[in-house]
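> Task: produce atomic coordinates for the following.
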Amino acid sequence: MLQFQLWKKLLVVVVAVLGIIFALPNLIGGDDGAGADFLPGKQINLGLDLQGGSHLLLRVDVDAVKQERLENIGETLRRDFRAEKIRFSGLAVANETVSLQIRNPEDAAKTQQIFTDLGNEYTVSNDGLTYRLAFNEAGLAAMQTRTVEQSIEIIRRRLDPEGTKEPVIQRQGLDRILVQLPGVDDPEAVKRLLGRTAKLTFQLVDMRISATEAIQRGRTPPGSVLMQSASDDGRSYVIEKRVMVSGEMLDGATATFDQNNRPAVSFTLNAAGARRFGKVTGENIGRPFAIILDGKVVSAPTIQSQIFGSGQITGDFSVAETNELALVLRAGALPAPLIILEERSIGPGLGADSIAAGEIAAVIGIILVAIYMVASYGFFGGLAVGALTVNIILIVAALSALQATLTLPGIAGIVLTMGMAVDANVLVFERIREELSKGRSAIAAIDSGYQRAISTIVDSNLTTLFAALFLYIFGSGPIKGFAVTLGIGIATSMFTAVMVTRLFIVFWVERKRPTRLVL
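Below you'll find the predicted structure:
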């Protein structure tokens, strides 16, 4: 006797109802991607190729980070050697190497210890009294990985500060980052956000020499550097290289206005930054304190009193520029400049054409499958087509519930699933035909057909499911979109073939009680 327990019937009904509920927002939801208020879930996220947007391929300038790290090490060595009263000369950073020469051979042991304390990322060699430091292979690889990962996190915070846009930001190769922003059709705004390193530092102005004298001499005192003003006034400053407070100590930044009602950015520091800021300002009252953004002096106000915890950045800003600057400062400074290697913009019109083409392909696929199934298996083929409709609803519902991003290859996966979804029904119906040819009754043939076909159905679908899993693990971008829809389609097609189609047949058998079956 054909058996189908009550709990299985309830399961099919519950799953089908939930599928309809989660799929409905795609029919009656608004253009903002949200469903109706009384329905759970949202519309399916459309990928870059379906709703348009911006595509950028960036390269992280690791060489700039390497040079900066070596220059910082040079300044650290300068301070440490002076603290240890080790006389040296010829401190220079060139050809990816920091080199110097000590004057007294008796300081060799202390010199070696200072270099050792810098860490195991570097290789130190010496030729007599001349010492050279460079990144070793492991240290360089670690720095590169750390720089790219930090860049990805900063990019994510800049482009999606609220965490709702769901951009695709992923590493490609050793030093490249892929950025895809569905629905964003202003690549210039994206490039402005990503083009600023937004490295904020506070450094003291060197009072030993004026900028004019430094320009005339063609050099600055050791430990200082000549910097240009960020404004168009052409002014220059001699700035001490030592960073007193860095942007990493920022706790927040907001766009505001100064006492003269000019656009400005107010900032607050964390506890460590506030202590450091208070110490520096308290010890240097009367000295200019430069605010430096991306290597240019925004302003250099004179310290009038000790300041703790907060301050204001003023300059020749517009309101839009202060809003953008506040955003990038809150997100944090990029550890390295980003170089745009590839840029593409996909208009929403092209995305609409892709969706229309996918819909046409899906409709044609359903029609052809329906014609084949009805022509081959008659009434049972019609039941399989009804189960295929449930299958499509479940796929849409799963994509909506998971908020998976649907791409054009994803639509291809759905269309492919339509053909594969009836494979299990074909196996069952052919088994039933075999049983009928052996002279079994209608009910016995149906029951035996399902029992004998189930192992083949599970085996074939699991094989394809593993293929989809590997595509998702090792693929990227559109390949993953195809794998997601294919995997969901396989799971739902197994459910509809084994449960939904069988439920339809059980209802028919219970009502008609057929003694003869033509298939």
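
> If you count neighbours, what's buried in the one helix or strand Gln170 maps to?
Using DSSP states H and E, Gln170 sits in strand 168-172. By neighbour count on 16 or more other CB atoms under 10 Å, the buried set for strand 168-172 is 168-169, 171. The C-beta positions use only the backbone N, C-alpha and C, and glycine is treated the same way.

> For the residue nearest to the spatial centre of the chain, give the beta-bridge partners.
With distances taken as CA atoms, centre = their mean, Ile169 lies nearest the centre of the chain, 2.8 Å away. Ile169 forms beta bridges with Val179, as assigned by DSSP bridges.

> That one contacts Val179, doesn't it?
Yes: between Ile169 and Val179 there is a contact under CB atoms under 8 Å: 5.4 Å.

> Touching both of those two, which residues are there?
155, 159 (CB atoms under 8 Å, 6 or more residues apart in numbering).

> In the stretch 351-500 of the chain, what residue spans correspond to helices?
Taking DSSP state H, counting those that start in this stretch as the criterion, the stretch 351-500 of the chain contains helices spanning 408-421, 423-437, 442-474, 478-495.

> closest one to Ser89 among the ones you listed?
Nearest to Ser89, of all the helices of the stretch 351-500 of the chain, is helix 442-474, at 54.9 Å by CB to CB.

> quick one: low-confidence ranges for this protein?
1-3, 29-39, 41, 162-166, 185, 347-351, 476-477, 518-519 (pLDDT under 70).

> can you list the domain ranges for it.
The chain resolves into domains spanning 6-50+348-512, 62-140, 200-332 when parsed by automatic domain parsing.

> Looking at these, which is nearest to Asp175?
Closest to Asp175 of the domains of the chain, according to CB to CB: domain 62-140, at 5.5 Å.

> how long is that closest one end to end?
Start-to-end span of domain 62-140 (CA to CA, to the nearest Å) is 10 Å.

> Find out how far that domain is from the centre of the chain, if you would.
37 Å (CA atoms, centre = their mean, to the nearest Å).

> for Leu56, what are its contacts?
Neighbours of Leu56 in contact, by CB under 8 Å, 6+ apart: 178-180, 187, 190-191, 194, 340, 342-344.

> Now list the buried members of those.
178-180, 187, 190-191, 194.

> Quick check: the residue lying closest to Asn45 once chain neighbours are set aside vs Ala331, distance?
Using CB to CB, 6 or more residues apart in numbering and skipping residues adjacent in sequence, the residue nearest Asn45 is Thr405, 4.5 Å away. From Thr405 across to Ala331, the span is 23 Å (CB to CB, to the nearest Å).

> before we move on, what about Gln306?
Distance from Gln306 to Ala331, by CB to CB: 29 Å.

> Out of those two, name the residue with the larger neighbour count.
Taking neighbours as other CB atoms under 10 Å, Gln306 and Ala331 compare with Ala331 leading, 20 against 14.

> Please list all residues in contact with that one.
154, 157-158, 161, 198.

> can you do 10 Å?
Counting by CB atoms under 10 Å, 6 or more residues apart in numbering, Ala331 touches 153-161, 193, 198, 253.

> For the residue nearest to Asn45, list the residues it contacts.
44-48, 50, 166, 168, 180, 182, 399, 480-481, 484.

> Between the residues you listed, which sits nearest Phe466?
The nearest one, if we look at the contacts of Thr405 relative to Phe466 and count by CB to CB, is Val484, at 14.7 Å.

> count of neighbours near the closest one?
23.

> From Gly365, how far out is it?
For Val484 relative to Gly365 (CB to CB), the value is 19 Å.

> cool, Asn136 as well?
58 Å.

> Which one's more surrounded, those two?
Neighbours were counted for Asn136 and for Gly365 using other CB under 10 Å; Gly365 has more, 17 against 13.

> isn't that one right next to Ile371, touching?
No: using CB atoms under 10 Å, Gly365 is not in contact with Ile371; the gap is 11.0 Å.

> Do I have it right that Ser437 meets Gly449?
No: counting by CB under 10 Å, Ser437 stays clear of Gly449, with 11.5 Å between them.

> higher neighbour count, those two?
The neighbour comparison of Ser437 against Gly449 (other CB under 10 Å) goes to Gly449, with 24 against 9.

> hey, what's the closest residue to Arg344 other than its chain neighbours bridged with?
In space, Arg344 comes closest to His55 once its chain neighbours are excluded; the distance is 4.2 Å by CB to CB, 6+ apart. His55 has the following beta-bridge partners by DSSP bridges: Gln180, Arg344.

> ok, His55 - contacts?
Counted by CB under 10 Å, 6+ apart, His55 has contacts 48-49, 168, 178-182, 184, 187, 342-346, 477.

> what do you get if the cut-off is 7 Å, keeping everything else the same?
Contacts for His55 (CB atoms under 7 Å, 6 or more residues apart in numbering) come out as 48, 180, 344, 346.
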